[in-house]
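Asks: Predicted model and sequence follow; I will ask about them next.
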Amino acid sequence: MNAIQEKKRTQILRVFLSHSKSDEKDIKKIQSILHKYYNLRVFTSEMLSAGEDWRTKLREEITQCDIFIVLLSPNSIESSWVLTELGAAWGLEKLIIPIFTQPEILSKVPVELKNTESFDISYLEEHPEALNHVIDHYKESI
């Protein structure tokens, strides 16, 4: 492996984690998995500071992220912000990883995610390594 390939393999990827504030319990599960099993820099809206220009910060984080993970739930599918963030990631051709709480939610997403691998949150809790191949494949492509 040459130096460039090694750098790509070990670089810390930036993740934007989109969710509804109503899904705090599930988002904490996802954050726990990401921090425990993966070397990622994860951004969530909870990281915004009081008084910060949050619209600009959200745009910057989506633009700079390598991977966009969205928690799809009955709450998030009704959230205009989650759908806006998802649309922005889609428009920027980011790698989108949907994690869903109920399989039928996927059919309600207004953005085309046909060729995107999605994960059931219950499955991820039992198999946190399931994201490995998606993340590794992304690293190989950059």
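Replies: Yep, it's here.
Asks: Which positions within stretch 129-142 qualify as buried?
Replies: Of the residues in stretch 129-142, 131, 135 count as buried by neighbour count, 16 or more other Cβ atoms under 10 Å. For every residue, glycine as well, the C-beta is placed using N, CA and C.
Asks: how much space is there between the closest residue to Ala88 other than its chain neighbours and Lys29?
Replies: Computed as Cβ to Cβ, 6 or more residues apart in numbering, the closest residue to Ala88 that is not its neighbour in sequence is Ile62, at 5.0 Å. Distance of Ile62 to Lys29, computed by Cβ to Cβ, to the nearest Å: 22 Å.
Asks: now do Lys57
Replies: From Lys57 to Lys29 the distance is 24 Å (Cβ to Cβ).
Asks: list the contacts for Leu131?
Replies: Applying Cβ atoms under 8 Å, 6 or more residues apart in numbering, we find Leu131 in contact with 33, 37-38, 97, 119, 124.
Asks: Pretty sure it sits in a strand.
Replies: No: counting by DSSP: H, G, I helix; E, B strand; the rest coil, Leu131 is not part of a strand but helix.
Asks: measure stretch 116-123 end to end?
Replies: 17 Å (Cα to Cα, to the nearest Å).
Asks: neighbours around the nearest residue to Thr63 once chain neighbours are set aside, how many?
Replies: Counting by Cβ to Cβ, 6+ apart, Leu92 is the residue found nearest to Thr63 once chain neighbours are left out, at 6.5 Å. For Leu92, the neighbour count with other Cβ atoms under 10 Å is 12.
Asks: Point out where the protein drops to low pLDDT.
Replies: Along the chain, segments meeting pLDDT under 70 span 1-10, 47-50, 52, 114.
Asks: So which residues of it form helices?
Replies: Secondary structure of the chain, counting by DSSP state H: helices at 3-10, 24-37, 54-64, 80-91, 121-126, 132-141.
Asks: and among these, the most buried is which?
Replies: Among those, helix 80-91 has the highest mean neighbour count (mean count of other Cβ atoms under 10 Å), at a mean of 17.
Asks: Fine, thanks again, bye for now.
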